[in-house]
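quick check, what structure comes out for this input:
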Amino acid sequence: MSSNFLKWLYPGIQIKRWVLTSLLGISIVAIGAFFSASPYHFVNFFGLIIVLCGIVFIVLGILKLTVSLITLFLPKREQDLVNILYSKRYLERGPKIVAIGGGHGLSNLLLALKEYTANITAIVTVADSGGSSGRLREQFNIVAPGDIRNCLVALADAPALMGQLFQYRFPEKSELKGHNFGNLFLTALYEVAERDFQEAIELTSKVLAIRGRVIPSTVENVHLVARYKDGRVTEGEAKIPRSGVGIEHLYLNPSEVEPTPAALEAIKDADVIIIGPGSLYTSILPNLVIKGMADAIAVASANKIYVCNVMTQMGETEGFNAGDHLKVILKHTRVDIVDAILVNATAIDAPEALERYKRENSFPVRADVDDLRAMGFKVYAEDIVGIQDYVRHDSHKLTQALIKVIEKKKVIKR
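Numbers count the residues shown, from 1 in each chain. Below you'll find the predicted structure:
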């Protein structure tokens, strides 16, 4: 005990000087108080000045001591203190938002949404069957980690290098070709955590210091099954869009899987539930068709906003307008889970990008606002598109549009 106490007195740890500064301030205040008690006005005023000087020394010593202690625990991150305070104090007072989906659409939304509130829960599909996720599912009987990984990285407060590491994909010439480091990391933690996938996610969340939570919609190893309009059936998320025939119905195998309790609890407590953006049949519906999920959303007191895609997808939503997207959701859930829809209202001025999409039979989604209102939905049409080599939602524009809806309380229950 005594040896540990003496370590505080070792030179170079920048503690003693500020303790002594505060002690000096206390001594000066005591001296000033003595003079202030004098019956002579001049001496009394002089004592008051001394007291004020002592208080300055005390405050300076405490402030510098606090900074020294904090920078010991956060080496080389003193410049980040204001961001940490902002995150812990301001963002934690933000609304409780649940975002439901998967793929790049959900992670793209989370990237900017985390600057508005730290009370984010991402409920993510785990039915991916292609690429690295598909191979790991076959070898380790694990739910698909890919979309989970993307959401964790999007919400990360860790240094950018950590995000780059988790998104690193091994080259084709290696034995780990096609695998993603983050997927392998989650799989390894899954084994270490005695095959508890939710525990693996929570441990990874600590490594990446994420804002909010990421929750799998289910921890059971499910596969998507699509029944097409010609009667054929295909199983496997990666295979579903390849048929060239419209999808009649989507369901899960096994069909009786349960949602995670954490997902149901988050939905119950939410102020706002955002569905999408993302692939309608392979990112959004896989969450909603889980037994009990849609019912939980329907009875939740939160405002429920559906973010419609900006482009149709070959093999999933060819020829769809915004209303068609909503009709598919309502057909599969059979309950009222949407109060409002956010659609893109801006013409997409990107001829080269649109030409590439056209070759894949993909076109801008038409915002049939009047039809949507006739269906009974509140409609918000905003500029939410970002154009680079591709056309998708701009993360910041989308978040600002959602904030406008949330903060002005424009969402009206039907």
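
okay, now the domains of the protein?
Annotated domains of the chain cover 2-73, 86-407 [automatic domain parsing].

pick the most deeply packed of those domains.
Of all the domains of the chain, domain 86-407 carries the top mean neighbour count, a mean of 19, counting by mean count of other Cβ atoms under 10 Å. For the C-beta atoms, the positions are set from N, CA and C on the backbone; glycine is no exception.

centre of the chain to that domain, how far?
11 Å (Cα atoms, centre = their mean, to the nearest Å).

which residues touch the nearest residue to Tyr281 once chain neighbours are set aside?
Excluding the flanking residues, the one nearest Tyr281 by Cβ to Cβ, 6 or more residues apart in numbering is Glu316, at 4.8 Å. Contacts for Glu316 (Cβ atoms under 8 Å, 6 or more residues apart in numbering) come out as Ile240, Pro241, Ile247, Ser279, Leu280, Tyr281, Thr282.

where does the stretch 301-414 of the chain dip in pLDDT?
408-414 (pLDDT under 70).

where do the helices sit along it?
322-333, 351-359, 369-374, 395-407 (DSSP state H, counting those that start in this stretch).

swap in the stretch 1-150 of the chain?
2-7, 16-36, 41-73, 81-85, 103-113, 131-140, 146-154.

closest one to Thr399 among the ones you listed?
Among the helices of the stretch 1-150 of the chain, helix 103-113 comes nearest to Thr399, with 3.9 Å by Cβ to Cβ.

how close does Asn119 get to Ile387?
31 Å (Cβ to Cβ, to the nearest Å).

shouldn't Val207 be within a helix?
Yes - under DSSP: H, G, I helix; E, B strand; the rest coil, Val207 falls within a helix.

out of the contacts of Glu316, which comes closest to Asp196?
Nearest to Asp196 among the contacts of Glu316: Thr282, at 26.0 Å, using Cβ to Cβ.

just give the nearest non-adjacent residue to the spatially most central residue of the chain, would you?
By Cα atoms, centre = their mean, the chain has its centre lying nearest to Leu110, at 3.9 Å. Distances taken as Cβ to Cβ, 6+ apart place Ala154 nearest to Leu110, at 4.1 Å, with adjacent residues excluded.

would you map the strands across the stretch 251-400 of the chain?
272-275, 303-307, 340-344, 378-382, 385-387, 391-393 (DSSP state E, counting those that start in this stretch).

mind checking those strands for the one nearest to Arg169?
Nearest of these (Cβ to Cβ): strand 391-393, 20.1 Å.

picking that back up, can you redo the helices of the stretch 1-150 of the chain as CSV with mean pLDDT?
Formatted as CSV, the helices of the stretch 1-150 of the chain follow (pLDDT from 0 to 100):
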stretch, mean pLDDT
helix 2-7, 56
helix 16-36, 82
helix 41-73, 78
helix 81-85, 58
helix 103-113, 93
helix 131-140, 87
helix 146-154, 94
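
in TSV: the ones you listed, plus distance to Asp339.
Conversion of the helices of the stretch 1-150 of the chain to TSV gives the following (distance: least, Cβ to Cβ, whole Å):
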stretch	distance to Asp339
helix 2-7	59
helix 16-36	55
helix 41-73	44
helix 81-85	34
helix 103-113	18
helix 131-140	32
helix 146-154	24
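
out of those helices, nearest to Lys327?
helix 103-113 (19.3 Å).

per-residue confidence for the spatially closest residue to Leu91 that is not a sequence neighbour?
Ranked by Cβ to Cβ, 6+ apart and with sequence neighbours excluded, the top spatial neighbour of Leu91 is Ala118, at 3.8 Å. pLDDT recorded at Ala118 is 89.

what values do phi and psi take at Ala118?
Reported as degrees, to the nearest 10, the phi and psi values for Ala118 are phi -90, psi -10.

my read: it touches Pro95, true?
No - the pair Ala118 / Pro95 is not scored as a contact, 10.4 Å apart, by Cβ atoms under 8 Å.

ok, which of the strands of the stretch 251-400 of the chain comes nearest Pro259?
When the strands of the stretch 251-400 of the chain are compared by Cβ to Cβ, strand 272-275 sits nearest Pro259, at 13.8 Å.

same for the closest one, what does it pack against?
Under the contact criterion of 3 or more Cβ pairs under 8 Å, 6 or more residues apart in numbering; DSSP states H and E, strand 272-275 touches strand 97-101, strand 303-307, helix 395-407.

identify all contacting residues around it.
95-101, 109, 267, 284, 288, 297, 300, 302-307, 329, 337-338, 402, 406.

run the last query once more with 7 Å
95, 97-101, 267, 284, 297, 300, 302-307, 338, 402, 406 (Cβ atoms under 7 Å, 6 or more residues apart in numbering).

run through the bridge partners of Val124.
Beta-bridge partners for Val124, by DSSP bridges, are Gly101, Pro216.

residues contacting it?
Contacts of Val124 (Cβ under 7 Å, 6+ apart): Gly102, Leu106, Asp147, Ile148, Cys151, Val214, Pro216, Ser217.

what's the most distant pair in the residues you listed?
Leu106 and Pro216 (12.6 Å).

pLDDT score assigned to Asp80?
56.

circling back: so which of the helices of the stretch 301-414 of the chain is nearest Leu208?
helix 395-407 (18.1 Å).

what angle separates that closest one from helix 103-113?
The directions of helix 395-407 and helix 103-113 differ by 70 degrees, with axes from the mean of the first three to the mean of the last three Cα atoms, to 10 degrees as the criterion.

give me the contact list for helix 395-407.
Contacts for helix 395-407 (Cβ under 7 Å, 6+ apart): 95, 108-109, 111-113, 116, 272, 274, 305, 307, 340, 342, 380, 382-384, 386, 411.

please repeat the previous calculation with a cut-off of 6 Å.
Asn108, Leu111, Ala112, Leu113, Tyr116, Val272, Tyr380, Glu382, Ile384, Val411 (Cβ atoms under 6 Å, 6 or more residues apart in numbering).
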